[in-house]
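**Student:** Give me a model of this one.
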Amino acid sequence: MKKLFYLLAVFSLLTSCVSKKNQVIRQNILTLKDSYCKAPFQYNYSNRVPSYNSDSILAANKELQGTFSDQSILILNALDNLDEVHKIIDLKKDSSIAAQVKVLQLKSKINSKITIALTELDAVAAEFDCEGERVAQIGNYVDNLNDSRNNKMILYSIVTGAAASIAGGIVSDGGWSNAIDISGGVVGAGFGLATLNPKGRKVEFIHQRNLLRDIWREKLESPNFPPFIWYMYTEKKFSNKEKHSIISSMKERWLHYQFDDSTTEADQSVIFSDGGFYRADDLHNRAAMLNQMQSATRTINQNINYLLLDLDKLIL
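**Tutor:** All right, here's what the predicted structure looks like:
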């Protein structure tokens, strides 16, 4: 009887610890249901997305192609700085002090637009990063729920088997002893099978401002992104092979790796909705997709870096 008493005491202690852990987790989850990553106010961008007629833009600015790459010319057009560049080229023919001062003024105007573009890139990348961390926290929460549940089922299985073994040893009647052993084995096996839940628990996670949804739908404009950033995402000239835009290539990878090439599954996924009930796998997929978009956003800095190098060549 002492063995059974000690066993029940240990069982009570362990389940109490698990319960307290879950209570702490549930309290913390309340801080994650409302996004703390979005900007405190909605900025209404007055500019529209630049023209996608890249071939016409490049044809109209052929004289710049000796100094600027095609991508740099398109960025200058997107920033509405092509006129300033043409004026600088004309002023370079004049060696007067007044002309040199004017060149510096024009370059300062271009640099001001570039600075704004860089801060927009940083802001968008920061939101992707923040959302990724937020989703990762939710994912850890669901993982803990699943682990706690499995641990309890395993614990129940062990305790049931041990209790049946002790009880069988106490009962002297052979028939009852066998019945207890069999019953304990069945119940223990049932607890063991209960751990085989491949999908696991789920949790409600709301995100009415859904940046990934805008990426998936790939419209000509998106109110959640600055027009310049959206243009860089969607203009094919800024991809490595110039056949697919940055987000078109991203969508292909998502479709293949996250949704097993099923467009229907992707379109119906909670990831691209206002939110809902997430399982751990969906949360981990969402976190990975947000991190991928953060990386893709930061690579646009390379294009702007090349533009700055081209501008330096123009001024020298």
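
**Student:** residue ranges for the strands of the stretch 151-300 of the chain, please.
**Tutor:** Along the stretch 151-300 of the chain, the stretches classed as strands by DSSP state E, counting those that start in this stretch are 202-206, 275-279.

**Student:** pLDDT weak spots in the stretch 101-250 of the chain?
**Tutor:** Where the stretch 101-250 of the chain drops to pLDDT under 70, the residues are 146-200.

**Student:** those helices in it, which residues are they?
**Tutor:** In the stretch 101-250 of the chain, the helices defined using DSSP state H, counting those that start in this stretch lie at 174-194, 211-217, 227-234, 246-257.

**Student:** before we move on, back to that, and Ala288, which of the strands of the stretch 151-300 of the chain is closest to it?
**Tutor:** For Ala288, the closest of these is strand 275-279, at 13.6 Å, according to C-beta to C-beta. Every C-beta, even on glycine, is put in place using the N, C-alpha and C of the backbone.

**Student:** helices or strands up against the closest one?
**Tutor:** Under the contact definition 3 or more C-beta pairs under 8 Å, 6 or more residues apart in numbering; DSSP states H and E, strand 275-279 sits against helix 97-170, strand 202-206.

**Student:** Contacts for that strand, please.
**Tutor:** Residues outside strand 275-279 that contact it (C-beta atoms under 8 Å, 6 or more residues apart in numbering) are 138, 142, 199-208, 210, 270, 286.

**Student:** Which one of those sits in the busiest neighbourhood?
**Tutor:** When neighbours are counted by other C-beta atoms under 10 Å, Arg286 leads the contacts of strand 275-279 with 27 neighbours.

**Student:** just checking, that residue touches Leu212?
**Tutor:** Yes - contact criterion C-beta atoms under 8 Å: Arg286 and Leu212 qualify, at 7.0 Å.

**Student:** Kindly tell me how buried the residue lying closest to Asp129 once chain neighbours are set aside is, as a neighbour count.
**Tutor:** The shortest distance from Asp129 to any non-neighbouring residue, by C-beta to C-beta, 6 or more residues apart in numbering, is to Gln294 (5.1 Å). Neighbours of Gln294 under the rule other C-beta under 10 Å: 18.

**Student:** Same check on Lys109?
**Tutor:** When counting by other C-beta under 10 Å, one arrives at 14 neighbours for Lys109.

**Student:** For it, list the residues it contacts.
**Tutor:** 81, 84.

**Student:** mind running it again at 6 Å?
**Tutor:** Counting by C-beta atoms under 6 Å, 6 or more residues apart in numbering, Lys109 makes contact with Glu84.

**Student:** so how far is Val270 from it?
**Tutor:** Going from Lys109 to Val270 by C-beta to C-beta, to the nearest Å gives 46 Å.
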